[in-house]
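Undergrad: Could you work out the structure for the sequence below:
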Amino acid sequence: MTLKSSRLFFPLTIALLFVTTSCKVNYSFQGTSTTAKTLVIEEFYNNTDLGPANLGQTFTNRLKDYFIQNTNISIVQGNGELTLEGVITDYRVTPIAPVANTDSPINSASSTRLTITVKANYINTLDETMSFKDKSFSFFKDFGNDQNLADIEESLIKQIFDQISLDIFNASVANW
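TA: You can find the predicted model right below:
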């Protein structure tokens, strides 16, 4: 190294060290922005007319599994630093993509949409500004009319609950 390049190298090295050591980002590989160690996930109740009877329990278990797999936060029965609770408010099957049927005066649909909506409350005792109440999370999956809903319902519900769990995760502990 020449004297001229070493004079330039030294200040750049000091500046780089200063920048990298002075910036603190609150991020972990689990993707959470909280320092909480415990989370209570209350049973989500099924308040729908059409959904399967075990819909609330299925969603609650899926949500717990998601947090266990993606955080270091312990799921506890009570007195957690964080609390999630809510209700499944909508389970809707809607015809979409209408097509003309020349054999019938009534139009039919070529696809059907299953939509599930969950309303959640999140309490963060460490930072109340991060809490939310009655926030709705909804997702849908479409399927062809050549498929019977009873045959694919469990798979569709799992896919929908996976996305809603991710959305709740992002709105609560990931703070996105």
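
Undergrad: Which element is encountered next along the chain beyond the helix or strand of the chain with the lowest mean pLDDT?
TA: Ranking every helix and strand in the chain by mean pLDDT, DSSP states H and E puts helix 3-22 at the bottom, with a mean of 52. Next helix or strand after helix 3-22 toward the C-terminus (DSSP states H and E): strand 38-41.

Undergrad: Output the contacting helices and strands for that next one.
TA: helix 55-70, strand 74-76, strand 82-99 (3 or more Cβ pairs under 8 Å, 6 or more residues apart in numbering; DSSP states H and E). Where C-beta positions appear, they are placed from N, C-alpha and C, glycine not excepted.

Undergrad: Now tabulate those in a markdown table and tack on mean neighbour count.
TA: Listed next are these as a markdown table, based on neighbours: other Cβ atoms under 10 Å:
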| stretch | mean neighbour count |
| --- | --- |
| helix 55-70 | 18 |
| strand 74-76 | 15 |
| strand 82-99 | 17 |
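
Undergrad: so who does the nearest residue to S165 once chain neighbours are set aside touch?
TA: Setting aside the residues directly before and after it, S165 is nearest to Y66 in space (Cβ to Cβ, 6 or more residues apart in numbering), at 4.1 Å. Taking Cβ atoms under 8 Å, 6 or more residues apart in numbering as the criterion, Y66 is in contact with 162, 165-166, 169.

Undergrad: Equivalent analysis for T83, please.
TA: 39-42, 121-123, 125.

Undergrad: again, but for F59
TA: 44, 88, 118, 161, 164.
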